[in-house]
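Colleague: Test case, fold it:
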Amino acid sequence: MKKKSITELVHFFIEHSVPSSLQGKFGRWLVSSVDVPEKEEALQQEWMNMIVTPDQSTQRSWHEVRRKAGLEELPVLRRHWTISPLFRVASMLLIPLLSIALSWYYIDSYTSSCELVEYTVPVGERGEVTLPDGTKVQVNSESSIIYPKSFRGETRTVYLSGEANFDVHKDKKHPFIVKTSLLAVRALGTKFNIQAYSEDRKTITTLENGKVQITNILIPDSSFILVPDEQLEYDHLTKKYEKRTTDAMTTAGWTRGELNFIDCDLENILNTLKRHYNVEIKAEPYLYTNDLYTIKLKKDESLQSAIRIITMTVGGMESKITDDNMVILTALTSPGQGKKGGARP
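Modeller: As a prediction, this is how the structure comes out:
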């Protein structure tokens, strides 16, 4: 599993409440002998954000947990070890979590059925994966999905970083849940699209058919129901939601090799182009405004053609593509508000 995915997975379980069955799976993976350095580093990143000061009892408990789990010996202790933030993690999460995990570990000896699988698509590519329950997932460029090798328990939960389109296998007894860093999308049998890139300001869920419930992981009481051709946009900065009617098939155009932008700002458009064409794009900061644009690029549109269309649609800027495929966007005039965007010229 890649280092980035391990970090995100550890963060999910520390920050959010999850079913005990899923805690057990996570705990068994955590105490296993695979990816130990990466897991240790992920825990260290979490410890810096926690404020609980441990006592001597917590320290002793942490030693005992590590000993029973068979993890490598701790380094020689220094005098400042008593305030090591690693114990803050233990006091907040790892002691109760690993207690559950160790019980599973010794009973079932870390069977392969609880292994976590990571499916990652590189920049400039698209991929498709079938999950253990038969759900088909089309995965967009620079995206990752983490899922168990075998679904167990009351729900079928997967984790997404990036964008994917889900065609969920119907199973009324076991709801299908996709978790991003901020939202959880719950469905039975349905087809929907989620865009949740870490560098983007918004998480966007679009429903093609069926019905989904979207919940804010940090605020469980905040939830929305979508019906076909509805879209929910969540702004990470303002914490606001916007629900609208849209053409879900157009939104999922990327699964067919198209690039469709509906009421998108320039920053979102350029981020998508970077991932799709695997290029670096540098734009003068004042080109980023609140103006929204609707642009549709046909399948297999060349980079040069795509940049030309976007430059003409946005207006007030010029583009240059260097020999090493870097795109440079500059303003034609002094900084100012651009005109409202429209359809492809």
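Colleague: Show me where the chain has its helices.
Modeller: Here the chain has its helices, by DSSP state H, at 3-15, 20-30, 36-47, 56-69, 85-89, 95-108, 248-251, 266-277, 303-314.
Colleague: Name the residues of the shortest one that come out as buried.
Modeller: The neighbour-count criterion (16 or more other Cβ atoms under 10 Å) identifies 248, 251 as the buried residues of helix 248-251. Yep, even glycine has a C-beta here, placed from its N, CA and C like the rest.
Colleague: Go ahead and name everything in contact with that helix.
Modeller: 192-193, 206-208, 228-229, 231, 260, 262, 296 (Cβ atoms under 8 Å, 6 or more residues apart in numbering).
Colleague: Just the CA coordinates for that helix, please, in CSV.
Modeller: C-alpha atoms of helix 248-251 as CSV (Å, rounded to 0.1, in the frame of the first residue of the first chain):
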residue,chain,number,x,y,z
ALA,A,248,-25.7,13.3,-14.4
MET,A,249,-24.6,11.7,-17.7
THR,A,250,-22.7,14.8,-18.7
THR,A,251,-21.0,14.9,-15.3
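Colleague: per-residue confidence averaged over that helix?
Modeller: Averaging pLDDT along helix 248-251 yields 91.
Colleague: looking at the helices of the chain, which one has the lowest mean pLDDT?
Modeller: If you rank the helices of the chain by mean pLDDT, helix 95-108 sits at the bottom with a mean of 40.
Colleague: re earlier: of the contacts of helix 248-251, buried ones?
Modeller: Among the contacts of helix 248-251, those classed as buried by 16+ other Cβ under 10 Å are 192-193, 206-208, 229, 231, 260, 262.
Colleague: So what sits opposite Pro148 in the bridge?
Modeller: On the basis of DSSP bridges, Pro148 is bridged to Leu116.
Colleague: can you count the residues close to it?
Modeller: Neighbour count for Pro148, taken as other Cβ atoms under 10 Å: 21.
Colleague: So it sits against Asp133, correct?
Modeller: No. Contact criterion Cβ atoms under 8 Å: Pro148 and Asp133 do not qualify, at 10.2 Å.
Colleague: How many residues are close by Asn140?
Modeller: If you count neighbours by other Cβ under 10 Å, Asn140 ends up with 23.
Colleague: could you check the distance from the nearest residue to Met326 once chain neighbours are set aside over to Arg308?
Modeller: Nearest residue to Met326, sequence neighbours excluded (Cβ to Cβ, 6 or more residues apart in numbering): Glu280, at 4.8 Å. Between Glu280 and Arg308 the computed distance is 18 Å (Cβ to Cβ, to the nearest Å).
Colleague: the more surrounded of these two?
Modeller: Arg308 (15 against 12).
Colleague: who's in contact with Ile177?
Modeller: Counting by Cβ under 8 Å, 6+ apart, Ile177 makes contact with 155-158, 184-187.
Colleague: what ranges do the strands span in the stretch 151-300 of the chain?
Modeller: Applying DSSP state E, counting those that start in this stretch to the stretch 151-300 of the chain gives strands spanning 156-167, 176-179, 183-187, 191-196, 202-209, 212-216, 223-226, 230-235, 241-245, 259-264, 280-283, 293-297.
Colleague: So which of those strands is nearest Leu332?
Modeller: Leu332 lies closest to strand 280-283 among the strands of the stretch 151-300 of the chain, at 13.1 Å (Cβ to Cβ).
Colleague: Do me a favour and average the pLDDT over that closest one.
Modeller: Mean pLDDT, strand 280-283: 90.
Colleague: Pull out the buried positions in it.
Modeller: Going by 16+ other Cβ under 10 Å, strand 280-283 has these buried residues: 281, 283.
Colleague: Strand partners (parallel or antiparallel) of it?
Modeller: As assigned by DSSP bridges, strand 280-283 forms pairs with strand 326-331 (parallel).
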